[in-house]
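Engineer: Any chance you could fold what I've pasted below:
(2 chains)
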Protein chains: 2
Amino acid sequence: MRTVRDEQEVFRGELFEAGILVPTGIDGVYLRSQAFEEIVRGIDRLVSAAGADEHATTLHFPLVVPRTLLERTDYIRSFPDLSGTVSSYQGGELGYAGLLEALDTAQDWSAQLESTDLALCSAACHPLYPTLPTQLPAGGLRFEVFGTCFRHEPSPDPARMQTFRQHEFVYVGDPVEARRHRDRWVERGLQLHRSLGLPIEAVVANDPFFGRFGDILAASQIDEALKIELVSPICSESSPTALTSANCHLEHFGLAFSLCNPDGEVAHSACVGFGAERITLALLHTHGIDPGDWPPAVRDRLWP
Amino acid sequence: MRTVRDEQEVFRGELFEAGILVPTGIDGVYLRSQAFEEIVRGIDRLVSAAGADEHATTLHFPLVVPRTLLERTDYIRSFPDLSGTVSSYQGGELGYAGLLEALDTAQDWSAQLESTDLALCSAACHPLYPTLPTQLPAGGLRFEVFGTCFRHEPSPDPARMQTFRQHEFVYVGDPVEARRHRDRWVERGLQLHRSLGLPIEAVVANDPFFGRFGDILAASQIDEALKIELVSPICSESSPTALTSANCHLEHFGLAFSLCNPDGEVAHSACVGFGAERITLALLHTHGIDPGDWPPAVRDRLWP
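Structural biologist: Model (predicted):
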C-alpha cells in the first residue's frame, strides 16, 4: 500500500515530468512554469472579485522584511524553527581573505557572514500592521494583500513549499466586525473552492507551535476555534491540505503594534489567506496535470 | 544646490506621499501599491511581446535558491557584500531556552540561528543554469525568465531596492549567437524604453566587484564591453540609473555548469534583464506621480 509520502513523491514526479515545476535539488524550492503561473493569476482574479465589495486598499509585500517584525509579531518565539533571517558578508577588505580561503578549501563559509537587519516574511499580513495609524478610524480598515511567505520546512510534499504566496483580505478594527470578517470569508472561501470543482471542508486549525508550551498554545488555538482552515485532500484523504485559512487574531496585533479603536479599546484583527500555490496544486491533482484538459466550467471560471 | 542624495530623498518622499511605495523603516525595502504593480504588469507585457519571436521557454523563479548557487556562479567571491544567505533556528528543544532568554533580555538573538542550505537569488538568470542539460541541442536554448533578486545595499535611492524583479531573455549555446542575442536586445531595449517616452542611452557597465582584484575585474569588464546598460536619468543627469542590462557571459556559466555545445565546445550564454521596479520608477519620475495623468500614448502602450 502506498503511504502519504509515496503519494506526495508520485505527484511531485508528475509535476516535474510535465515541466510544471522544475527541481532545484532542495525540497520545497522549485522553478515554476508559465502554466503554473497562469493558474495562480486566475485564482488571484477570483479572490479579488470575491472581495471587491470590501473596497479594500491593495498592497503588495516583498519577501524580505525588517527582522524586528519577527520579534514584534512573536513569530520567532512561536515558530523559531520555521523562521528565516538574512545574513550577508560584512567583513570588509580585512576579512575577505578568510572568506576566500573558506571557499577555496570547501569549508563552511557561512561562518564569515553576519546577520543583517532583514528577515524573510513569515506570514503575508505581518508587514501590514507596523504601517497602520495607531488611532484607527471608526469602522476599522480593510486591506487586500499580496504577500510571499517563507517557512523553513523542507518536504517532498509539493504542497509544502519553502516560499509561497498568500492572497489575503485583512480587517483591523472592531472586535465584532473582525469575527464577522473571518466568518464571512470562511463561507466565501468554501464557495470559491467549490466553484473550481475542488472538494473542500472547513476545519479548526492546529498550528505546530514550538517548544514546551507549544502544546498549550496549540490546545488553546483549537479550544477557541480562532483559525479555520479550508482543507482539500491533495495526496491524502486522512491528512488533507489547508488551501486557505481564515484567522481571528483577537488583540494579538493590536497589542503588538499599539492599534486603538476610536473607543480607546485595543483593535482586533482578522484575515483570510488564500494559498495560491496550494490551490493551484489542488486543481492540478483534482482535474489532471494538463490544464488544457480541465472541465470547461473550471477553465471558464479561471480564464473568462 | 540639491545633491543627488537630496533628489533621491525628495523623489522617495513623493512616492511615499502618494502611497505608491510604503516605508518599512529599512532603506530599499518597501510595500508597493496596486498602481505600482499595474505599471510593472504593463512593462512585463511589453517585454514578453518584444521577445515573442524567440519562442522561448518561460520560467518563474523563487527569491530563495540553493546556497551552493552562490558558490557555483562565483557571485559570493565577486560580490560577497551584496549576497544574502538564509539562517534559521535549528537548536531544537535544548537551545530554545537560550533563544527565549536572548529575546527576553533584548540581546542579539541572531547568534542562536544557523545557516541553512538556502540563499537569496542574486541575479535572475542564475537558477536557470543548473537545470539545463549538459549537452545542449544544436542552435542552443532560449528562455524567458521572471526572477526576483536580492542585493544587500540599503540606500535612500528608491531605484536601489534590496529586492527587485528582473524580466529576462536568456540564450545558451553558440558563441556567435550569444553575442547576437545581446546586441539584438540592446536595440530592442532602447526601442522599448523610447516607446514609453523615457530618455535612454546604452553605456558600457561598470559593476562594483569586491576586493583587491575587484578593480581588475571591473577594468576587464569595461575593456571587453561585455555588459551594456540602458541608463536613464531618474534623480541625476550625471549618474543615470541602469533600467535594463544586456550581458555577454562568454563561457562563465558554461564552465561553471558544464554546458557543452554539439561541437564539444563549452557553451556561451548571454542575457538581457529588464528591471521592472526601475523602469516603473523612471516612468513615475518622467511622466509624473499619477499614472492617470500620463501621456495617452504611454498609457496605451502599457494598458492597451
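
Engineer: low pLDDT regions in chain A?
Structural biologist: For chain A, residues meeting the criterion pLDDT under 70 lie at A:212-213.

Engineer: show me the contacts for A:Asp157.
Structural biologist: A:8, A:12, A:235 (CB atoms under 8 Å, 6 or more residues apart in numbering or on different chains). (Each C-beta comes from the backbone N, C-alpha and C, glycine too.)

Engineer: Could you say which helix or strand holds A:Phe11?
Structural biologist: Element membership of A:Phe11, judged by DSSP states H and E, is helix A:4-17.

Engineer: quick one: which of the contacts of A:Asp157 is most hemmed in?
Structural biologist: A:Cys235 (23 neighbours; other CB atoms under 10 Å in any protein chain shown).

Engineer: element containing it?
Structural biologist: Judged by DSSP H and E, A:Cys235 forms part of no helix or strand.

Engineer: OK, contacts around it?
Structural biologist: Neighbours of A:Cys235 in contact, by CB under 8 Å, 6+ apart: A:4, A:7-8, A:11, A:157, A:159, A:241, A:285.

Engineer: Could you report the separation of it from A:Gly13?
Structural biologist: 12 Å (CB to CB, to the nearest Å).

Engineer: who touches both of these two?
Structural biologist: Residues touching both A:Cys235 and A:Gly13 by CB under 8 Å, 6+ apart: none at all.

Engineer: Not counting its own residues, what contacts stretch A:274-289?
Structural biologist: So stretch A:274-289 is contacted by A:11, A:14-15, A:18, A:20, A:36, A:39-40, A:43-44, A:47, A:158-159, A:161, A:164-168, A:189, A:192-193, A:196-199, A:232, A:234-235, A:241-245, A:291, A:293-295, A:298 (CB under 8 Å, 6+ apart).

Engineer: That stretch: which residues count as buried?
Structural biologist: Neighbour counts over stretch A:274-289 (16 or more other CB atoms under 10 Å in any protein chain shown) mark A:274-287 as buried.

Engineer: And stretch A:263-270, by the same measure?
Structural biologist: Result for stretch A:263-270 [16+ other CB under 10 Å]: buried residues A:267-270.

Engineer: With stretch A:240-260 instead?
Structural biologist: Of the residues in stretch A:240-260, those buried (16+ other CB under 10 Å) are A:240-250, A:252-254, A:256-257, A:259.

Engineer: Cross-check these against chain B and keep the overlap.
Structural biologist: Contacts with chain B are made by none of the buried residues of stretch A:240-260, judged by CB under 8 Å from any CB of the partner chain.

Engineer: Now, the contacts of stretch A:274-289 that are in strands?
Structural biologist: If you go by DSSP state E, the contacts of stretch A:274-289 have A:164-168, A:232, A:241-245 in strands.

Engineer: Pick the one among the residues you listed closest to chain B.
Structural biologist: Using CB to the nearest CB, A:Phe164 is the member of the ones in strands among the contacts of stretch A:274-289 that lies nearest chain B, at 9.1 Å.

Engineer: For A:Ala124, see how far away the closest one is.
Structural biologist: 9 Å.

Engineer: Have a look at the two and say which one is more surrounded.
Structural biologist: A:Ala124 (23 against 19).

Engineer: Nearest residue to that one in space, please, no chain neighbours.
Structural biologist: Of all residues not flanking A:Ala124 in the chain, A:Gly147 sits nearest, at 2.9 Å (CB to CB, 6 or more residues apart in numbering or on different chains).

Engineer: B:Ser48 versus the one you found, what's the distance?
Structural biologist: 25 Å.

Engineer: Of the two, which one has the most company?
Structural biologist: Shown here are A:Gly147 and B:Ser48; by other CB under 10 Å, A:Gly147 has more neighbours (25 against 16).

Engineer: Report the buried residues of whichever helix or strand the more buried one is part of.
Structural biologist: Using DSSP H and E, the element containing A:Gly147 is strand A:141-150. Buried residues in strand A:141-150, defined by neighbour count with 16+ other CB under 10 Å: A:141-150.

Engineer: wait, does stretch A:24-42 make contact with chain B?
Structural biologist: Yes: applying CB under 8 Å from any CB, one finds that stretch A:24-42 is in contact with chain B at A:24-26, A:29-34, A:36-37.

Engineer: just to revisit the earlier point, which other helices and strands does the helix holding A:Phe11 contact?
Structural biologist: Using 3 or more CB pairs under 8 Å, 6 or more residues apart in numbering or on different chains; DSSP states H and E as the contact test, the elements touching helix A:4-17 are strand A:21-23, helix A:276-287.
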